[in-house]
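[1] Return atomic coordinates for the entry below.
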Amino acid sequence: MDVWPGQPLPLGASWDGKGTNFSLASETAERVELCLFDDDEVETRIELAEPTAFNWHCYLPGVGPGQRYAYRVHGPYEPERGLRFNPCKLLIDPYAKAIEGPIDYDAAHVLPYVPGEEDADLYADDEDDADAIPKCVVIDESFDWEDVRPPDTPWSEAIVYELHVKGFTKANELVREDLRGTYAGLASEPVIDYLRSLGVTAVELLPIHHFVDEPHLIEKGLTNYWGYSSIGYLAPHALYSATGRRGAQVTEFKGLVKALHRAGIAVILDVVYNHTAEGNQLGPMIAFRGIDNPSYYRLSAEDPRYYVDFTGTGNSLDSTHPNVLRLIMDSLRYFVTECHVDGFRFDLASTLAREEHDVDRHSGFFDIIHQDPTLSRVELIAEPWDVGEGGHQVGNFPVLWAEWNGPYRDVVRDFWRGQARAGDFTQRFAGSADLYENDGRRPSASVNFVTAHDGFTLNDLVSYDDKHNEANLEDNRDGSDDNRSWNCGVEGETDDPEVNELRARQQRNFLATLLLSQGVPMLVAGDERRRTQRGNNNAYCQDNEISWLDWSAEKTADEQLEFVKRLIALRRSHPVFRRSTFFAGRLDATGIPDAWWFRPDGRKMIRRDWEAVGGLRIGVLLNGSAMGERTLRGEPIVDDSFIVLFNSHHEPASFTLPPRRFGTSWTLELTTIDPEAPSLSYAARALVELEGRSLLVLRRAS
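    The predicted structure is shown next:
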């Protein structure tokens, strides 16, 4: 076989139509071997003898798409110095654009040491594990986008829908059986029609970077269903492919993005750059650990044998190292430029912003993204916390960034179970200006959510006081104990009609609050259909009916679905519910402010009202004539005006509507008591009766 020197960049395997350039970065390796595999698993090793600036490279004429490959990297096995080279262990290319499948733990021993004594990891294992490690695949990157463009929905108008690629279609009988649980299944016509009819503007996909299962889950007969165990940051997960794993998964993923874009739906990827699947010093050797352990990972300064863990997974990628920063940036750019995704949600983003130890909003990670002409234009969403000291950074990320608003989730949950402070609830409903306004951001910096993949579903939030994670085989010790949930009087499923009616109403209360709040709402797939995980609030390892969406036709699911569609349509039709600027007390021509909070007696709230805690009764007028915003053409934005009445108390409440200067008559838009309630009209100063634990929306008629 001809072997040419090749080029140090780009990293990874790059086919040019005549041959393939291979390049791997390692600052501490002594030798690197490229390993090619044929269909019979025969291995051919090629020495990469001419490194350039720590990039080990070669060019192979005639080698092209479909070629399977991996690496063996040589150097000292000295864990006390942070060095863990072991050429007996085959390694995945961090820049692979396709990886063919899972690790076969039964085929070979993938730990770099022989387990046993407490210090077992100090001694290298000499068993070859090539049979266990999935191979990387050279791909043809060409794809016909047919001039399909990304949607141009402004972020302030976004409605995000978080979903799992496999779980969304695995049990959907409208999807062709061989496509269920795949990228192609998610791109199928029934699914696209459903998403379009729901009215969401963006899907946020749980991790699709290639990931692997941890050995301890395999031993229990479980899997890492959520996928927060990445190992290939440029490779779409192979097991979500219906068309093949020899590069076809890349084309299939691009086809999914294209189908969603054609439907006007943006694609946001949940990305996990804070840790990898290799775990702590006792974990397997799959890629980074064996290529350049001290460069890729944060190691203890006192004892480099051990890993610094800000993530709760055993390791933390060292985002201060140039090679790691380059990998993250190259991964992000690849998915934007080659796969056309529209944005990213960064898991445990505080870890990426840590310099030596502390979270720093001026870190190199932020700097390099903000100056990048490609990435500074896409949507950037932080999960603004990690498990390290000082990791909770809600409200502290810089401009250009939106954040998952954890305080919004907590306060809204507390409000509808009767335990929130009035001032806290109104602040969250109004866009959380206390968190985002002072640093130049807008309400759209707040990604509001009541539920997410991690935690109770919406149905379970009103059905369980306690988590029920027995299926995870951890004696119910895993998962959060701070759920702020209320079971409405009975734990779990019940035939009690009063309890079930209250649960349905509470779900409508949460949904209406979420979709009428300022900021960007995020729904979790299935909440619109009353999906249950049977009380499991940490279903990360449940690749089964516990996690998959239930598409069976049930009256209660259909009723909730129609209510959600109605709320989304209301929000999308009225900019007063999705302002691009914060409320500022701005007055319209008649002297009415942009927002006016009032008590049940129709009078403006005063200081003691803001401090009230418990079963709260609050009204707010949203003035569409005092938006103070303009279109791209400079035209003033004017909308209808609305009143939203909240009663989180268990007893009914009577609200007196504001005086005539706020509006002479009002029409019922919707109520969570009865989604099918007929339209009613109310005059100024009229009494409006609200049942306990309910919400009502009125539109100004005159």
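
[2] Could you name the helices and strands sitting against the helix or strand hosting Leu195?
    Per DSSP states H and E, Leu195 falls inside helix 189-198. Secondary-structure packing of helix 189-198 (3 or more C-beta pairs under 8 Å, 6 or more residues apart in numbering; DSSP states H and E): helix 248-262, helix 555-573. (C-beta placed from N, C-alpha, C; glycine too.)

[3] contacting residues for Arg345?
    Counting by C-beta atoms under 8 Å, 6 or more residues apart in numbering, Arg345 touches Glu204, Ile268, Leu269, Asp270, Val271, Ile381, Ala382, Glu383, Trp404.

[4] So it: helix, strand or coil?
    strand (DSSP: H, G, I helix; E, B strand; the rest coil).

[5] likewise Val267?
    strand.

[6] So which residue is dead centre in this protein?
    Asp270 (4.2 Å; C-alpha atoms, centre = their mean).

[7] before we move on, the earlier item: show me which pair in the contacts of Arg345 is furthest apart.
    Leu269 and Trp404 (14.7 Å; C-beta to C-beta).

[8] More neighbours: those two, which one.
    Leu269 (25 against 21; other C-beta atoms under 10 Å).

[9] quick one: that one and Asn293, what's the gap?
    Separation of Leu269 from Asn293 (C-beta to C-beta, to the nearest Å) stands at 27 Å.

[10] What residues does Leu260 make contact with?
    Ala187, Ile192, Leu195, Val203, Ala266, Val267.

[11] quick one: it and Val203, what's the gap?
    For Leu260, the distance to Val203 - C-beta to C-beta - is 6 Å.

[12] Give the intersection of the neighbour lists for these two.
    In contact with both Leu260 and Val203: Leu195, Ala266, Val267, using C-beta under 8 Å, 6+ apart.

[13] quick one, what contacts the closest residue to Ser331 other than its chain neighbours?
    Nearest residue to Ser331, sequence neighbours excluded (C-beta to C-beta, 6 or more residues apart in numbering): Tyr233, at 4.0 Å. Tyr233 sits next to Pro94, His209, Val271, Tyr273, Leu327, Ile328, Ser331 when contact means C-beta under 8 Å, 6+ apart.

[14] Buried residues, stretch 234-248. List them.
    234-243, 245-248 (16 or more other C-beta atoms under 10 Å).

[15] Identify, from those residues, the entry nearest to Gly66.
    Using C-beta to C-beta, the buried residues of stretch 234-248 come closest to Gly66 at Arg246, 5.3 Å.

[16] what's around Pro154, how many residues?
    Neighbours around Pro154, by other C-beta under 10 Å: 11.

[17] How about Pro322?
    13.

[18] Report the separation between it and Ala471.
    Between Pro322 and Ala471 the distance, using C-beta to C-beta, works out to 43 Å.

[19] Would you map the helices across the stretch 151-300 of the chain?
    165-169, 183-186, 189-198, 215-219, 248-262, 288-296 (DSSP state H, counting those that start in this stretch).

[20] Between those, which has the poorest mean confidence score?
    Of all these, mean pLDDT reaches its minimum on helix 215-219 (a mean of 93).

[21] what's the pLDDT at the residue nearest to Gly101 when sequence neighbours are not counted?
    With C-beta to C-beta, 6+ apart as the criterion, Gly101 has its nearest non-adjacent residue at 4.6 Å, and that residue is Pro134. Pro134 is assigned a pLDDT of 98 by the prediction.

[22] how many other residues sit next to Leu670?
    22.

[23] Could you look up the next helix or strand downstream of the helix or strand hosting it?
    Using DSSP H and E, Leu670 sits within strand 665-671. Next helix or strand after strand 665-671 toward the C-terminus (DSSP H and E): strand 681-683.

[24] Who are the packing partners of that next one?
    Using 3+ C-beta pairs under 8 Å, 6+ apart: strand 681-683 touches strand 665-671.

[25] May I have the residues that are in contact with Arg298?
    Counted by C-beta under 8 Å, 6+ apart, Arg298 has contacts Tyr307, Val308, Phe310, Asn315, Ser316, Leu317, Asp318.

[26] Skip the chain neighbours and tell me the closest residue to it.
    Nearest one to Arg298, counting by C-beta to C-beta, 6+ apart, is Val308 at 3.9 Å.

[27] how many other residues sit next to the one you found?
    Quick note: Val308 (other C-beta under 10 Å) scores 17 neighbours.

[28] again, but for Glu651
    By the criterion of other C-beta under 10 Å, Glu651 has 11 neighbours.

[29] Residue ranges in this protein under the pLDDT threshold?
    362 (pLDDT under 70).

[30] all strands for the stretch 601-702 of the chain, in order.
    617-622, 642-647, 653-656, 665-671, 681-683, 687-690, 694-700 (DSSP state E, counting those that start in this stretch).

[31] how much space is there between the closest residue to Glu173 other than its chain neighbours and Ile265?
    Nearest non-adjacent residue to Glu173, counting by C-beta to C-beta, 6+ apart: Trp551, 6.7 Å away. Applying C-beta to C-beta, the value for Trp551 to Ile265 is 19 Å.

[32] before we move on, what about Cys58?
    42 Å.

[33] Please apply the same query to Ala569.
    The gap separating Ala569 from Ile265 is 16 Å, by C-beta to C-beta.

[34] Have a look at these two and say which one is more surrounded.
    Ile265 (22 against 13).

[35] mind listing what that one touches?
    With C-beta under 8 Å, 6+ apart, Ile265 has these contacts: Pro151, Ile192, Leu195, Arg196, Val200, Thr201, Ala202, Val203.

[36] Buried among those? Make that a ChimeraX selection.
    Buried members of these, defined by 16+ other C-beta under 10 Å, are picked up in ChimeraX with:
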select :151,192,195,200,201,202,203
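
[37] Tell me the one of the contacts of Ile265 nearest Pro112?
    For these, the nearest to Pro112 is Val203 (38.5 Å; C-beta to C-beta).

[38] The stretch 451-600 of the chain: strands as residue ranges?
    Using DSSP E, counting those that start in this stretch, strands in the stretch 451-600 of the chain cover 520-524, 595-598.
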